[in-house]
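> Need a 3D model of the sequence below.
(chains A and B)
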Amino acid sequence: MPPDCGRAEANGAVPMLRRIDDLSYRNALRAVPPLWKSLFTAVMLVLSYTLHPALQLVICGWMMHWCLRHAGIPLRAYGMLFGTALLFYALSLPALLVELGQPGNAGTAMGLPLTGGLQLYVTAEGVSRAGLLLARVMACLSCFLFLMLTTPFMELLQVLRRLRLPQLVLELMLVTYRFLFLLSDTAHGLLLARRLRGGGRRITLKETAGLGSALLAGAMRRYRGLAQGMTVRGYTGEIALPPAEQRKLPSGLAARAAAGIAVLLVAQLWLLPALASEGFRSCGL
Amino acid sequence: MEASLTFENVVYQYPDAAEPALNHLTVTIPKGLKTAVIGHNGSGKSTFFLHAVGVLRPQHGQILKAGEVLGYSKKELAGLRRAVGLVLQDPEQQLILGTPLEDVSFGLRGAGLEEGEIRSRCLEVLEQLGLAGLRDRPIHQLSMGQKKRVSLAGVLAMRPELLLLDEPTSYLDPLSETQLLAGLETACSEGATLVMATHDMNLAYRWADWIIVLDHGTCRASGRPEEIFAGGDNRLPAGLAMPLLADLWAGLPRHYVAGRPAPRDAEQFLGVLTELLAQSGTPECREDGMEIPDKA
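Numbering: from 1, shown residues only, chains lettered A, B, ... in the order given. Below you'll find the predicted structure:
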């Protein structure tokens, strides 16, 4: 693990945005060409979308291995990011699983009777659907985290420029990225000021409204300042991004990635049909 | 004295403000000198700087650079901002790209320089300001003092003829301040005209060759530091303190100091004091403070 990688983790107060950015600058795969990392992620995303759910879980594990082992991302930081993103999946679970009505002949896994013959019930099909979605979400998330945690934002912009994304979009992304940190600082300052002035854990609606308006005013002031700063530095309507550095791809990594992709494809093309036909035979079909 | 920039009767009032930020301001920035602009908060220092780089445009009056009236076409403004650099008080306002090395190159790349030239200038200026070891660190991980120096590096790399600094030493610890001032000395030795807005009277007195006192958007006084602070605090707006050394010098009996140039730093001051003590017949003292016995 690179020596600095754990520093962000040690400071529990670091917002997630900063933690991601810190890790992207200080990881062992930082020196790998960003274009290669982007290409690898894109291939893995396509595989995550198309391969069998069991292989999607394999992809998730493999991409985690790349982040934790090869890039040296601390387990706690990775787990927190992964877990936080999965919370959104958890929030969508009731809509995926729970149905209201009369179950009829559908295979009901469990049910809660309500008045008038209505039931809140969960079907086996719903559980299976949620499971399939979870596998795909985990695989795709692990791919995105690999790119986010190993490649600094500026290098991603360089890759996007190489992919001929319009200059205006790149500039908007850059200014948004810079502004996110300013906004985060403003919010942090406001919350700190509230705490120092005796604000307790409970926050009233009026107080929230006051903080919200102060944050908006502070953000607008910072926005004007940033615009003025760019003008002062000679901004005339186009931000010239620095060119991408020429970097060498370690052959070992490339070989590992190629071998892993090959194994996944072979597994999809050969192993799974074999397993499926075995399953059909055992069912007497 | 050759003028680097001249403001002639400039008026500017912000929308919804009760009174103008610059109120018929007429002032000259001498070329090749280190100028300090002093004044209270709201005296118009920042507005003065924003006019100097063409971000704000006078509502009345005109600004002359090397004798020519400033133009505000896109091309003229681009030329002006290559020649006149401004370091804002809050460095967060002018740091744009991800790392110090990338950020310092922002203006150079915008000016269309070649990559080799851009890189060599960036590395040179980062080295000069003691930032070489931080060149690839994300900007938001830097301390306020380091950010200040990065924002200065971004402007110094453009090699401006006129460098304006809005409160450059605020937020800085003494070490960072020393590093920043050393960087400015290098720029000055290369021929740049430096203008610094500051509340720190001691710094202004020690550092500047020329002082401009702004008060409610007008120039209350301008001249050499010794002249500005010679008559006590009657040339300063109410509440602005005299520099400590000028105050001490003014407190010495006139017949001791008459005809001597006022010392600008502690070393000069001690030198003059030692000389005066020797002349007045006070026994010499050793470095540890013990009196040296009379040889006779």
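> Pull the contacting residues for the residue of the stretch 101-250 of chain A found nearest chain B.
Residue nearest to chain B within the stretch 101-250 of chain A: residue A:229 (3.3 Å; CB to the nearest CB). Glycine gets a C-beta too; all of them are placed from N, C-alpha and C. Counting by CB atoms under 8 Å, 6 or more residues apart in numbering or on different chains, residue A:229 makes contact with B:88, B:93, B:94, B:95, B:96.
> Pretty sure it sits in a strand.
No: under DSSP: H, G, I helix; E, B strand; the rest coil, residue A:229 sits outside any strand and is assigned helix.
> What lies in contact with stretch A:210-223?
Stretch A:210-223 has contacts (CB under 8 Å, 6+ apart) with A:179, A:182, A:183, A:186, A:187, A:189, A:190, A:191, A:194, A:203, B:92, B:93.
> Just list the residues touching the closest residue to chain B within the stretch 1-150 of chain A, thanks.
At 5.0 Å from chain B, residue A:25 is the closest residue in the stretch 1-150 of chain A, using CB to the nearest CB. By CB under 8 Å, 6+ apart, residue A:25 lies in contact with A:152, B:99, B:136, B:137, B:138.
> quick one: is the helix or strand hosting residue A:145 near chain B?
Remark: residue A:145 resides in helix A:124-150, with elements defined by DSSP states H and E. No: counting by CB under 8 Å from any CB of the partner chain, chain B has no neighbours in helix A:124-150; the shortest distance is 13.8 Å.
> what ranges do the helices span in chain B?
Assigned by DSSP state H, chain B shows helices spanning B:45-52, B:74-83, B:100-110, B:115-128, B:144-156, B:174-189, B:201-207, B:225-228, B:244-251, B:254-257, B:266-279.
> With respect to residue A:73, which of the ones you listed lies nearest?
Nearest to residue A:73 among the helices of chain B is helix B:100-110; the distance by CB to CB comes to 23.3 Å.
> how many neighbours does residue B:148 have?
Here the number of neighbours of residue B:148 (other CB atoms under 10 Å in any protein chain shown) works out to 29.
> what about it, distance to residue B:193?
20 Å (CB to CB, to the nearest Å).
> Find the residue closest to residue B:224 in space, skipping its chain neighbours.
Ranked by CB to CB, 6 or more residues apart in numbering or on different chains and with sequence neighbours excluded, the top spatial neighbour of residue B:224 is residue B:210, at 6.6 Å.
> close enough to count as contact, that neighbour and residue B:221?
No: assessed by CB atoms under 8 Å, residue B:210 is found out of contact with residue B:221, at 11.2 Å.
> how far out from the middle of the chain is the helix holding residue A:145?
11 Å (CA atoms, centre = their mean, to the nearest Å).
> Can you name every helix or strand that that helix contacts?
helix A:16-25, helix A:34-50, helix A:53-65, helix A:75-97, strand A:108-113 (3 or more CB pairs under 8 Å, 6 or more residues apart in numbering or on different chains; DSSP states H and E).
> Tell me which helix or strand comes right after that helix.
helix A:153-162.
> How much space separates the residue most central in space within chain B from chain A?
Nearest to the mean C-alpha position of chain B, counting by CA atoms, centre = their mean, stands residue B:196 at 2.1 Å. Using CB to the nearest CB, to the nearest Å, we find residue B:196 at a distance of 16 Å from chain A.
> need the contact list for the residue nearest to residue B:32 when sequence neighbours are not counted.
Among residues not flanking residue B:32 along the chain, residue B:193 sits closest, at 5.8 Å (CB to CB, 6+ apart). Neighbour list for residue B:193: B:4, B:29, B:30, B:31, B:32, B:33, B:35, B:161, B:162, B:163 [criterion: CB under 8 Å, 6+ apart].
> pLDDT on the lengthiest helix in chain A, on average?
The helix spanning the most residues in chain A, taking DSSP H as the definition, is helix A:167-196. Taken as a whole, helix A:167-196 has a mean pLDDT of 86.
> That one: which residues count as buried?
A:170-171, A:174-175, A:177-178, A:180-183, A:185-187, A:190, A:194 (16 or more other CB atoms under 10 Å in any protein chain shown).
> what's that helix packed up against?
Partner elements for helix A:167-196 (3+ CB pairs under 8 Å, 6+ apart): helix A:16-25, helix A:153-162, helix A:205-232.
> Contact partners for residue 98?
Using chain A. Neighbours of residue A:98 in contact, by CB under 8 Å, 6+ apart: A:120, A:121, A:122, A:126.
> should've been chain B
Neighbouring residues of residue B:98 by CB under 8 Å, 6+ apart: A:152, A:153, A:154, B:138, B:139.
> residues in contact with the fourth one?
Taking CB under 8 Å, 6+ apart, we find residue B:138 in contact with A:21, A:22, A:25, A:152, B:98, B:99.
> min pLDDT across these, which one?
Among the contacts of residue B:138, residue B:98 carries the lowest pLDDT, at 84.
> So which bits of chain B are right by chain A?
B:50, B:53, B:55, B:74, B:78, B:81-82, B:86, B:88, B:90, B:92-99, B:102, B:105-107, B:109-111, B:115, B:136-138, B:140-141, B:154-155, B:158.
> Contacts only, for residue A:35.
Residue A:35 touches A:159, A:162, A:244, counting by CB under 8 Å, 6+ apart.
> Using CSV, lay out the contacts of stretch A:210-223 together with distance to residue B:186.
Below are the contacts of stretch A:210-223 laid out as CSV (distance: CB to CB, whole Å):
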residue, distance to residue B:186
A:179, 33
A:182, 31
A:183, 36
A:186, 35
A:187, 39
A:189, 35
A:190, 40
A:191, 41
A:194, 44
A:203, 51
B:92, 25
B:93, 24
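> Find the pair from those residues with maximum spatial separation.
Pairwise distances across these peak at 30.3 Å for A:203 and B:93 (criterion: CB to CB).
> For the two, indicate the residue with more neighbours.
Legend: neighbour count by other CB under 10 Å for residue A:203 and residue B:93, higher for residue B:93 (21 against 13).
> isn't the more buried one right up against residue A:225?
Yes: at 4.0 Å, residue B:93 counts as touching residue A:225 under the criterion of CB under 8 Å.
> what about the closest residue to chain A within the stretch 101-250 of chain B, distance to residue A:171?
Residue nearest to chain A within the stretch 101-250 of chain B: residue B:109 (4.0 Å; CB to the nearest CB). Residue B:109 is 13 Å from residue A:171, where distance means CB to CB.
> Distance check, the residue of chain A most remote from its centre against residue B:139.
Farthest-out residue of chain A from its mean C-alpha position, per CA atoms, centre = their mean: residue A:116, at 43.9 Å. Applying CB to CB, the value for residue A:116 to residue B:139 is 63 Å.
> same thing with residue A:258?
36 Å.
> Who has more neighbours out of the two?
residue B:139 (23 against 12).
> Residue B:33 is in contact with residue B:211, isn't it?
No: using CB under 8 Å, residue B:33 is not in contact with residue B:211, being 10.2 Å away.
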